[in-house]
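> what shape does this take:
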Amino acid sequence: MKSFWNTLHKIGDVLHLPDLPNWLIGVLALVLILRIPTFFEPYNYGDEMIYLTLGQGVRQGIHLYSGIYDNKPPLLYLTAAAAGSLFWFKAALALSDIISIVILYRIAESLFAKNSKFQKIATITFALLTTLPLLEGGTANAEGFMMLPTLFAFYILLTKSKKVINLLLSGVLFGIATLYKVPAAFELPVIMVYWLITSEFEKGKIKTLIRDSFFVVVGFLIPIAISLAWFYFQGDLAAYIKAAFLQNIGYLSSYRPGDVQKPFLERNAPLLIRGLIVLAGLIVITLARKKISKNFIFMCCWVLFVLFAITLSERPYPHYFLQGVAPISLLLATLFTDKSIEQVFSIIPLTLAFFVPFYYKFWLYPITPYYLRFINFATGKITKMQYFSEFSMTTPRNYEIADFLTKSSTPNQRVFMWDPDSPTVYALARRLPGVKFVVPYHVNDYSSVNNIAAELTKNPPKFIIVTSAMSIPQISDLIKENYILVMQVGNAEIFSKVYNSGNAAKQ
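Numbers count the residues shown, from 1 in each chain. Presented below is the predicted three-dimensional model:
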């Protein structure tokens with residue numbers, strides 16, 4: 001804990017936190033107020049529940065990927081493990097966002113030192129979009145955590161000298177962001193392309209660019225290499241590479257399952273088209289480089305690369321768009337404050353940015369109902385369970401099941417639930433699943449129900465929970481022969497393993 005606070009003090013010194021203007025302190029206070037409801041949310045949001053379940057596995061010494069599974073790099077699960085509960089997970093996200101807002105302000109300040117209006121619009125826009133429920137700013141997803149190291153990397157590259165240590169550190173930060181989620185890696189080329197375009201392609205500057213880029217890339221590879229070495233010595237390198245990296249390649253096309261059997265070029269045509277759009281945009285920026293400022297070049301390069309990253313899987317999840325909020329906020333500030341031709345030019349990348357959620361039909365979450373719901377709960381107009389049930393009708397059921405499991409089993413005893421809400425029950429009860437897969441779609445995508453049934457037969461868990469939401473006939477014989485129904489909660493049936501006299505003695 002002491003080292004954690006020392007690290008915060010060092011970050012504070014780098015960012016000159018005591019020098020923050022009063023208006024920014026007010027923005028940070030507003031962000032904290034707006035985040036208060038997130039600390040009272042129930043265990044409900046599927047992704048958070050998966051992360052907390054894997055985090056619980058880490059806390060119990062279970063190996064990631066080989067012992068308990070999800071398909072993201074490890075830092076998100078390690079963060080969930082360190083948090084230990086939903087409240088502290090949300091608190092970690094809030095702290096990460098607060099620091100990210102300050103860094104974004106420092107970046108805006110470095111780009112437009114004399115334009116306080118630009119700094120305010122960019123910072124406030126970023127603060128609101130990363131906080132409000134519109135883009136799931138309050139949910140503990142990878143995008144919320146990876147913004148901090150990415151922004152810190154850009155801050156160092158834009159404001160500090162190009163000493164080797166600074167270049168390496170910025171690369172390390174990009175690597176850390178990538179270990180939260182792979183799309184963060186697409187922000188690494190931004191600075192190199194920016195250097196290339198603004199170098200005017202002069203021979204001496206190109207040599208410097210190659211040298212600087214080399215050290216940034218080396219820094220980027222350091223945390224990646226450390227993670228590979230760690231899993232190698234754990235004996236899980238193959239499982240790590242497959243789950244966190246290789247299986248995400250298939251994830252890109254899995255939202256269009258009908259395309260899987262098509263030829264490579266036809267299947268990947270949308271991805272290639274988006275890549276060509278990025279390339280065309282960079283060519284236009286390069287041709288216009290003498291007519292626009294370096295700052296505008298940087299912002300346009302940044303938004304092009306993050307839009308490509310956001311649309312990799314073509315999924316409409318709003319938290320994906322959080323990765324693009326920083327450059328979009330800077331471009332919006334340009335639109336509203338710049339008095340040069342760049343004010344007009346900013347409309348082009350902004351149009352492209354807002355076209356993405358429109359074209360891919362991104363989901364957006366309402367803001368007012370979210371806060372009204374919390375106010376009703378806070379003022380006693382609705383009970384706790386009424387408040388919880390407004391997030392999902394199955395939430396009260398999940399809490400009741402988790403309460404039963406907590407009282408009827410020990411932390412090292414496994415349970416198995418076949419239901420979309422299974423990670424919620426695992427996270428609430430702090431019990432690990434009887435197989436390495438946490439949620440049914442993991443099984444459907446990366447294994448099979450028959451494999452899971454065989455594993456459960458070989459190592460029967462203490463409890464099996466099935467619901468009417470999903471059927472799993474492959475384990476019906478196992479349940480009939482080895483389990484008895486001990487409780488029914490809503491549409492969920494809880495079966496307890498029956499021990500014969502010999503096994504009972506061992507227990």
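
> ok, E109 touching A122?
No: E109 is beyond contact range of A122, at 9.4 Å (criterion: CB atoms under 8 Å). For the C-beta atoms, the positions are set from N, CA and C on the backbone; glycine is no exception.

> settle it for me: which of these two has more neighbours?
Between E109 and A122, counted using other CB atoms under 10 Å, the more crowded position is A122 (30 against 21).

> what sits against F89?
F89 makes contact with E48, Y51, L52, T79, A80, A83, A140, according to CB atoms under 8 Å, 6 or more residues apart in numbering.

> distance of the fifth one relative to F404?
Read it as A80. The spacing between A80 and F404, counted by CB to CB, to the nearest Å, is 24 Å.

> now do the fourth one
Separation of T79 from F404 (CB to CB) stands at 29 Å.

> what's the answer for N412, then?
17 Å.

> residues contacting I277?
With contact set as CB under 8 Å, 6+ apart, I277 has no partners.

> the closest residue in space to V27 that isn't next to it in sequence sits in which helix or strand?
Spatial nearest neighbour of V27, excluding adjacent residues (CB to CB, 6 or more residues apart in numbering): A127 at 5.3 Å. Following DSSP states H and E, one finds A127 within helix 116-129.

> centre of the chain to that helix, how far?
23 Å (CA atoms, centre = their mean, to the nearest Å).

> and the following helix or strand past it, what's buried?
Remark: after helix 116-129, the chain's next helix or strand is helix 142-159, criterion DSSP H and E. Using 16 or more other CB atoms under 10 Å as the test for burial, helix 142-159 gives 142-158.

> nearest spatial neighbour of the residue most central in space within the chain, skipping sequence neighbours?
With distances taken as CA atoms, centre = their mean, the chain has A142 as the residue nearest its mean C-alpha position (1.4 Å). Spatial nearest neighbour of A142, excluding adjacent residues (CB to CB, 6+ apart): K181 at 3.7 Å.

> and the one you found, how many neighbours?
Neighbour count for K181, taken as other CB under 10 Å: 22.

> separation between P460 and R431?
15 Å.

> these two - which one has more neighbours?
R431 (27 against 20).

> and that one, which of the three is it?
coil (DSSP: H, G, I helix; E, B strand; the rest coil).

> got the contact list for it?
Contacts of R431 by CB under 8 Å, 6+ apart are L405, T406, S409, P411, Q413, R414, V415, V425.

> got the residue ranges for the strands in the stretch 301-450 of the chain?
Per DSSP state E, counting those that start in this stretch, the stretch 301-450 of the chain carries strands over the ranges 415-418.

> N412 and F404: who's more crowded?
Using other CB under 10 Å as the criterion, N412 and F404 rank with F404 on top: 18 against 9.

> and N459, its phi and psi?
phi -130, psi 80 (degrees, to the nearest 10).

> was I right about it contacting G434?
Yes: contact status for N459 versus G434: in contact at 6.8 Å, counting by CB under 8 Å.

> those two: which is more packed in?
Ranked by neighbour count (other CB under 10 Å), N459 and G434 place G434 first, with 20 against 10.

> can I assume the residue nearest to V27 is in contact with V102?
No: assessed by CB under 8 Å, A127 is found out of contact with V102, at 9.9 Å.

> pick the one among the contacts of R431 closest to K163.
The shortest approach to K163 among the contacts of R431 belongs to P411, at 48.4 Å (CB to CB).

> residue contacts, the closest one?
Q60, R430, R431.

> any idea whether I464 is helix, strand or coil?
Going by three-state DSSP: I464 is strand.

> per-residue confidence at it?
Looking at I464, its pLDDT is 97.

> do the same with the one 5 residues further on
Predicted confidence (pLDDT) for A469: 85.

> do the same with P18
66.

> go on, K203?
With respect to pLDDT, K203 has a value of 76.

> burial measure for it, as a count.
By the measure other CB under 10 Å, the count of residues near K203 is 7.

> please apply the same query to the one 10 residues further on.
Using other CB under 10 Å, S213 has 19 other residues around it.
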